[in-house]
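S.K.: What follows is a predicted protein model with its sequence.
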Amino acid sequence: MSLLRIITYGHPTLRLEAKPVSEITDEIRLLAKDMIETMEEADGIGLAAPQVNKSIRMIVIGMDLIDESMQPMAFINPEIVGKSEDTELQDEGCLSVPGIREDVVRYKRIKVRFMNIDGEEVEWEAEGLLARVFQHELDHLNGVLFTDLISPFKKQLVEGQLQKLEKISV
């Protein structure tokens, strides 16, 4: 396993819509392991493949940080198939937007469908922090960053920091 480079705000891959994974190969399994290692080394709770410059629909989540009885996991071709009407505003950050944290509105509960690393299709209901992390990471698969979801006023306040990140991103 090896650590991967996390790309930052301004890198074009972060704005692409990621391609579905058509087959779970040894290469995909190795990428999942490397992404988990990279996420843990960076003290993250989630990481999407586009953040390591791979435009495919795969995310990893540090499930052990949410539930101590679980291990970090890869989620392949994840999608939200249901969501609650209620939302909540909470502080978020991102490994690809270092140094910036802002409040983002997310659904409190969601239902997700994905393939696990063994190729089995799974549906889960998630709430609280897990629901927030899923939504954040799924946004990455669609070329959306959390900074796109903050108020125009807050975005204006962090614009200078975003411009600095953009200059060093490529």
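M.R.: Arrived safely, thanks for sending.
S.K.: what's the residue most central in space within the chain sitting at in phi/psi?
M.R.: Centroid-nearest residue in the chain, with Cα atoms, centre = their mean: E137, separated by 2.1 Å. Torsion angles at E137 (phi, psi; degrees, to the nearest 10) stand at phi -70, psi -40.
S.K.: Was I right to think it contacts M58?
M.R.: No: E137 is beyond contact range of M58, at 9.5 Å (criterion: Cβ atoms under 8 Å). Every residue, glycine included, has its C-beta placed from N, CA and C.
S.K.: Need the residues touching each of the two.
M.R.: Taking Cβ atoms under 8 Å, 6 or more residues apart in numbering as the contact rule, E137 and M58 both touch A48, F75.
S.K.: related to what we said a few turns ago, now do the residue nearest to the centre of the chain against E127, distance only.
M.R.: 16 Å (Cβ to Cβ, to the nearest Å).
S.K.: just how off-centre is the helix or strand that E37 is a member of within its chain?
M.R.: E37 belongs to helix 26-41 when assigned by DSSP states H and E. Relative to the centre of its chain, helix 26-41 is centred 14 Å away, using Cα atoms, centre = their mean, to the nearest Å.
S.K.: tell me which strands and helices that helix is in contact with?
M.R.: strand 46-48, strand 58-61, strand 73-83 (3 or more Cβ pairs under 8 Å, 6 or more residues apart in numbering; DSSP states H and E).
S.K.: let's see it at 10 Å
M.R.: Helix 26-41 sits against strand 46-48, strand 58-61, helix 63-66, strand 73-83, with contacts defined as 3 or more Cβ pairs under 10 Å, 6 or more residues apart in numbering; DSSP states H and E.
S.K.: quick one: contacts for the residue nearest to the centre of the chain?
M.R.: By Cβ atoms under 10 Å, 6 or more residues apart in numbering, E137 lies in contact with 44-51, 58-61, 75, 78, 94.
S.K.: Could you do E123 as well?
M.R.: V81, G82, K111, V112, R113, F114.
S.K.: buried sites along stretch 36-53?
M.R.: By 16 or more other Cβ atoms under 10 Å, the buried positions in stretch 36-53 come out as 36-40, 44-52.
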